[in-house]
Every structure is written in structure tokens, then in C-alpha cells.
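**Student:** Provide a 3D model corresponding to the input given below.
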Amino acid sequence: MVYLPPDQRGDCLKCYLTTPFTDDELKAFKSAFELGAYYKSAPMMQIIIMHAPDDYLGKSHQYMRAKETEAGNTDPFIVVDEEAKSRRAVWYIDQFAEEDQVEDGTAESTDVVMKILIQTEGLAINHINYAIANSSIEEDLDNCSVELPLTNDFYQPDPQDCGGPDFEYEQPQQDVWVIAEPGEFKRAPILSL
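**Tutor:** Residues are numbered from 1 along each chain as shown. Okay, the predicted model is just below:
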């Protein structure tokens, strides 16, 4: 039997839909995420897509972060609201600002949620970069022309696009490791050029 070996699937984040999606819209959203996460060859992360709890509907990202933290989820999570949906992006919701972020002028107070609107295709790359401290939400918000200090109702003119890689062009270039046991493949003679 030939198979792809089990691989590291990366972090798994909750993704809350706070707006209705048609089947076609949901398929397009999932396809965009899978394209950017290299789902066909070497997935960088996973998301669990679910409808937001009723008490999240119409509420702020600050409220959602507080409820998630209260429930014991300290990981980042994703929100797709009407604005994000219309801009083919997702909200990446991290933690509340820390005291040093207030002191250095990044956030107005520790009640501010550190969040960023990210192109759906760029979600996985950005999450990995934030997780390994290769970049930060603050840096990326600055690159997206967001005014500091952050408030909970800040406007982000452009979604973060992680430098605009061409994910479709890169797909065939992704490595895939295939394991075949003896007898499960045929040897071909080496042709000389």
C-alpha cells in the first residue's frame, strides 16, 4: 500500500461564523483557507468552522475574547463577520493587550483586543509567524496603516496579505513525501540522455 505518512497538522483554531453563508460562499471560504494552508501537501494549521454561539451574534470582538478566555480558551480564534466576509478576509483574534503594549503606545488600554483582519489565504502563514514570533500583530497592523494606539473599534484599511504570495503558483512546488513498501512500486530502467 502506498500512503502519505501522518504529518504535523499544526495548530487547530476555532473559526466562528457570525454571518450567514450560502453553500457556495462557504466552499469558496474553505478553498481559500486550504489554498493558503497548503492543505493538499503539508497543512500548516487547521480550523474548526462553526456557527458562533447565539450570545456572540452582534457582539464585539472584545466580548467574544472575554467569553473565550472565561471558558478556558486562551488560544487565538477566528471570526468571520459581514465585513470580513465582504473583504475575503477573517479576523484573527488574539489576546487582550498587555501592560507593556499600553506603555509603549500600541494599545489604548488593557481592555483592547489584539486583532487583525487577514486575507483568508494568508491566515495560516500569519498564524505561524505570530506563534513563532517571526512577526507580530502590532507590526502587521502598522504595515496595514492602522493608527496607534489601538482602540477596540479601530478601522483597518486593507487586510493583511502576508506580502502577497501567489499561493496557486506555489502549490505544485510543495514537497510531498510518499512511502511505498517493496513490491508496491515498479522500477523503470534509467534512460540515458
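
**Student:** Just to be sure, residue 49 is in a strand?
**Tutor:** Yes. Counting by DSSP: H, G, I helix; E, B strand; the rest coil, residue 49 falls inside a strand.

**Student:** Could you double-check that it sits in contact with residue 12?
**Tutor:** No. Assessed by C-beta atoms under 8 Å, residue 49 is found out of contact with residue 12, at 11.3 Å. Heads up, the C-betas are built off the backbone N, CA and C, glycines and all.

**Student:** residue contacts, the residue most central in space within the chain?
**Tutor:** Geometric centre of the chain, nearest residue: residue 123, 2.7 Å, by C-alpha atoms, centre = their mean. Going by C-beta atoms under 8 Å, 6 or more residues apart in numbering, residue 123 touches 33, 36-37, 45, 47, 78, 90, 92.

**Student:** mind redoing it with 6 Å?
**Tutor:** Going by C-beta atoms under 6 Å, 6 or more residues apart in numbering, residue 123 touches residue 90.

**Student:** got the CA coordinates for the helix or strand encompassing it in CSV?
**Tutor:** Assigned by DSSP states H and E, residue 123 belongs to helix 123-131. Provided in CSV are the C-alpha atoms of helix 123-131 (Å, rounded to 0.1, in the frame of the first residue of the first chain):
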residue,chain,number,x,y,z
LEU,A,123,-4.3,33.1,7.7
ALA,A,124,-2.0,30.0,8.1
ILE,A,125,1.2,31.8,7.3
ASN,A,126,0.3,34.7,9.6
HIS,A,127,-0.7,32.4,12.5
ILE,A,128,2.6,30.6,12.2
ASN,A,129,4.5,33.8,12.1
TYR,A,130,2.8,35.1,15.2
ALA,A,131,3.2,31.7,17.0
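
**Student:** That one: which residues count as buried?
**Tutor:** 123-130 (16 or more other C-beta atoms under 10 Å).

**Student:** Give me the distance from that helix to the chain's centre.
**Tutor:** Here the centre of helix 123-131 is set off from its chain's centre by 6 Å, with C-alpha atoms, centre = their mean, to the nearest Å.

**Student:** picking up where we left off before, between residue 49 and residue 12, which has more neighbouring residues?
**Tutor:** Between residue 49 and residue 12, counted using other C-beta atoms under 10 Å, residue 49 has the larger neighbour count: 15 against 11.
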